[in-house]
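1. Model the following, please.
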Amino acid sequence: MQEELQALQENHTWDIVPCPTGVKPIGCKRVYSIKLRSDGSLDRYKAKLVALGNRQEYGVDYEETFAPVAKMTTVRLVLAIAASQGWPLRQMDVKNAFLHRDLKEEIYMTPPSGLFSTPSADVCKLKRSLYGLKQAPRAWFDKFRSTLISFSFVQSQYDSSLFRCKTSKGIVLLLIYVDDIVITGTDSTLISQLQEHLHQSFHMKDLCPLQYFLGLEVHSTAAGLFLHQHKYTQDLISLAGLQDGRSVDTPLEVNVKYRRDDGNFLSDPSLYRRLVGSLNYLTITRPDISFAFQQVSQFMQTPTHIHLAAVRRIICYLQGTSDRGLFFHVGTSIRLVAYSDADWAGCSDTRRSITGWCMFVGDSLVSWKSKKQDIVSKSSTESEYRAMSSACSEIVWLRGLLGELGFSQAEPTALHADNTSAIQIVANPVFHEHMKHIEVDCHSIRDAYDSHVISLPHISTALQTTDVFTKALSRNRHQFLVDKLMLHNHPTSI
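-> Predicted coordinates:
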């Protein structure tokens, strides 16, 4: 903590001034944490002084607070491209990131204990965006963005946390998530210059191969890149107390529908909420539990014992597959392919349908969704049509992002669907007139089809990959689709 206080003073984080009349300074507290490596071993002890931003008043102490962070779809897309093209992946970490930006507002903070040897009525007038302040993330991102732009990098129009720089030797990409940075590309000279520029502008940790990023473990093999959350999964199993539990083959039982009022309500739902919240983050690399998570997340407000049993089954499934993750192959094509499906009236309580879709770049799965639709559909065709429209929006976004990165899609993106009627509605203007009761925004899929952004090949229901995102499946069917999603076990078994 003494080192932290010394760093704050050397950074000119505050000025010691008498407290102005009528001003009530915000407090501060010391926060201690233990940083672990991906294998669970000790990395370092960390101490931080945090301002009590919950005491700030909107319009007085702060205004804008939003700061963009990288979308997980963008992270997976960049990793998939890097694996396919054989690009090196590097990571950097910013030390005391929030202290690199000056504050615009006047904020006064009570001095931390130990700052003065004797009691004093003076306060700290903050000059830098200390951790805990409402505006600190936004101030830091603005500073980092301006630093990169001054170094000839361009901010992506499709993800504000992605920056790129094209040269005669190739391209360099940079992704930032708060203070964690991933760098990849083909111009090694520019990467070295970027590293030096960042070191001059901020306190940075040295550039090293990407291994552990936001709880995601990255392993490089000769065959490709393996992305998983093994340590996080083990921590989740321990949280549930199921270390000695028996594993199961599927995350949910087949033909079991969960309702709001099934069973007795839990007297303390806190464990249920913590487990479901943890499952949400695990879906970053585990699309095979997306539908199961979608089901149990509906009951966060008033869960029952039956809902908790469903969550425990998901975790038992994870126990037997804790080393499973996404695999991005070397040499796969950068061609976008999509699949779309819906389970009509799949929700027992509301009779709303379940939308499911997934997107591949070559053989690499980069984006997917399992979500209950907002409106009740009157037919299976209508529910499929809504799912296709949702998938079309993601396709348009991904095509734009790929184009920015230098991988423009010359051909229409194939959106595979197994509902012939829904395909005909999009492709045939006569049938299209029969669906006027659907919201106008759903009909944007027609424009995408006419402008050759998408094509609509029919796929057999037996081969429809998105079944795993819309319903509970038998063991054989579930495993068949998991293999199609390119989910593998640890690289040693590949």
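
2. quick one: Leu405 and Ile81 touch, right?
-> Yes. Contact criterion C-beta atoms under 8 Å: Leu405 and Ile81 qualify, at 6.7 Å. Where C-beta positions appear, they are placed from N, C-alpha and C, glycine not excepted.

3. Compare those two (neighbour count), which wins?
-> Ile81 (23 against 19; other C-beta atoms under 10 Å).

4. Does that one touch Leu336 like I think?
-> No. The criterion here is C-beta under 8 Å, and Ile81 misses it with Leu336 at 11.6 Å.

5. hey, what's in contact with both of these two?
-> Val361 (C-beta atoms under 8 Å, 6 or more residues apart in numbering).

6. List the buried residues of stretch 392-409.
-> Across stretch 392-409, burial judged by 16 or more other C-beta atoms under 10 Å covers 392, 394-399, 401-402, 404-405, 407, 409.

7. mind listing what the residue lying closest to Val468 once chain neighbours are set aside touches?
-> Take Val468 and drop its neighbours on the chain: the residue closest to it by C-beta to C-beta, 6 or more residues apart in numbering is Leu481, 4.3 Å away. Shown in contact with Leu481 (C-beta under 8 Å, 6+ apart): Asp288, Thr465, Asp467, Val468, Leu473.

8. nearest to Met109, of these?
-> Asp288 (47.1 Å; C-beta to C-beta).

9. Am I right that that closest one is in a helix?
-> Yes. Assessed with DSSP: H, G, I helix; E, B strand; the rest coil, Asp288 lies in a helix.

10. Kindly give the local confidence score, pLDDT, for it.
-> On pLDDT, Asp288 comes in at 97.

11. Poorly predicted segments of the stretch 201-350 of the chain, please.
-> 207 (pLDDT under 70).

12. Just the helices from it, written as ranges.
-> All helices of the stretch 201-350 of the chain, identified by DSSP state H, counting those that start in this stretch, fall at 230-240, 270-282, 290-296, 305-320.

13. For Ile176, what is the enclosing helix or strand?
-> Ile176 belongs to strand 170-177 when assigned by DSSP states H and E.

14. helices and strands around that strand, which ones?
-> When contacts are defined as 3 or more C-beta pairs under 8 Å, 6 or more residues apart in numbering; DSSP states H and E, strand 170-177 sits against helix 72-85, helix 136-150, strand 162-167, strand 180-185, helix 188-201.

15. at 10 Å what do you get?
-> helix 72-85, strand 89-93, helix 136-150, strand 162-167, strand 180-185, helix 188-201 (3 or more C-beta pairs under 10 Å, 6 or more residues apart in numbering; DSSP states H and E).

16. For the ones you listed, give me CSV that also has distance to Gly22.
-> Output for the helices and strands packed on strand 170-177, formatted as CSV (distance: least, C-beta to C-beta, whole Å):
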stretch, distance to Gly22
helix 72-85, 46
strand 89-93, 41
helix 136-150, 25
strand 162-167, 43
strand 180-185, 41
helix 188-201, 38
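
17. who's in contact with Arg335?
-> For Arg335, the contacting residues are Phe360, Val361, Gly362, Asp363, Leu402, Phe407, Gln409, Ala410, Glu411, Thr413, Ala414, by C-beta atoms under 10 Å, 6 or more residues apart in numbering.

18. Which ChimeraX command selects the buried ones in those residues?
-> Burial among the contacts of Arg335 is assessed by 16+ other C-beta under 10 Å; the matching ChimeraX selection reads:
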select :360,361,362,363,402,407,409,413,414
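
19. which parts of stretch 254-274 are buried?
-> Tyr258, Leu266, Pro269, Tyr272, Arg273.

20. Am I right that the third one is in contact with Gly277?
-> Think Pro269. No. At 11.7 Å, Pro269 and Gly277 do not qualify as touching, with contact defined as C-beta atoms under 10 Å.

21. between those two, what contacts are shared?
-> Joint contacts of Pro269 and Gly277 (C-beta under 10 Å, 6+ apart) are Met300.

22. which non-adjacent residue is nearest Asp262?
-> Counting by C-beta to C-beta, 6+ apart, the residue nearest Asp262 is Ile306, at 4.6 Å.

23. now Ala417
-> Ser340 (5.1 Å).

24. And for that neighbour, the neighbour number?
-> Count around Ser340 with other C-beta under 10 Å applied: 33.

25. returning to what we had before: how much space separates the residue nearest to Val468 from Ile191?
-> 38 Å (C-beta to C-beta, to the nearest Å).

26. Show me this protein divided up by domain.
-> Following automatic domain parsing, one gets these domains for the chain: 2-214, 228-320, 332-459.

27. Out of those domains, which is closest to Ala222?
-> domain 2-214 (10.7 Å).

28. What's the end-to-end length of the closest one?
-> Distance across domain 2-214, first residue to last, is 27 Å (C-alpha to C-alpha, to the nearest Å).

29. chain center to that domain: distance?
-> Its chain's C-alpha centre and that of domain 2-214 lie 19 Å apart, by C-alpha atoms, centre = their mean, to the nearest Å.

30. that older thread, nearest to Leu242, of the contacts of Leu481?
-> Asp288 (18.0 Å).

31. Does that closest one touch Phe469 like I think?
-> Yes. Using C-beta under 10 Å, Asp288 is in contact with Phe469, at 9.3 Å.

32. Point out the most buried one among the helices of the stretch 201-350 of the chain.
-> By mean neighbour count, with neighbours taken as mean count of other C-beta atoms under 10 Å, helix 290-296 ranks first of the helices of the stretch 201-350 of the chain at a mean of 23.

33. Counting by contacts, list what that one packs against.
-> So helix 290-296, by 3+ C-beta pairs under 10 Å, 6+ apart, packs with helix 270-282, helix 305-320, strand 354-361, strand 364-372.

34. Relative to Asp43, how far out is the residue lying closest to Leu77 once chain neighbours are set aside?
-> Closest residue to Leu77 apart from its sequence neighbours, by C-beta to C-beta, 6+ apart: Val366 at 4.7 Å. Remark: distance between Val366 and Asp43 (C-beta to C-beta) = 29 Å.

35. Give me the more crowded residue out of these two.
-> Val366 (23 against 11).
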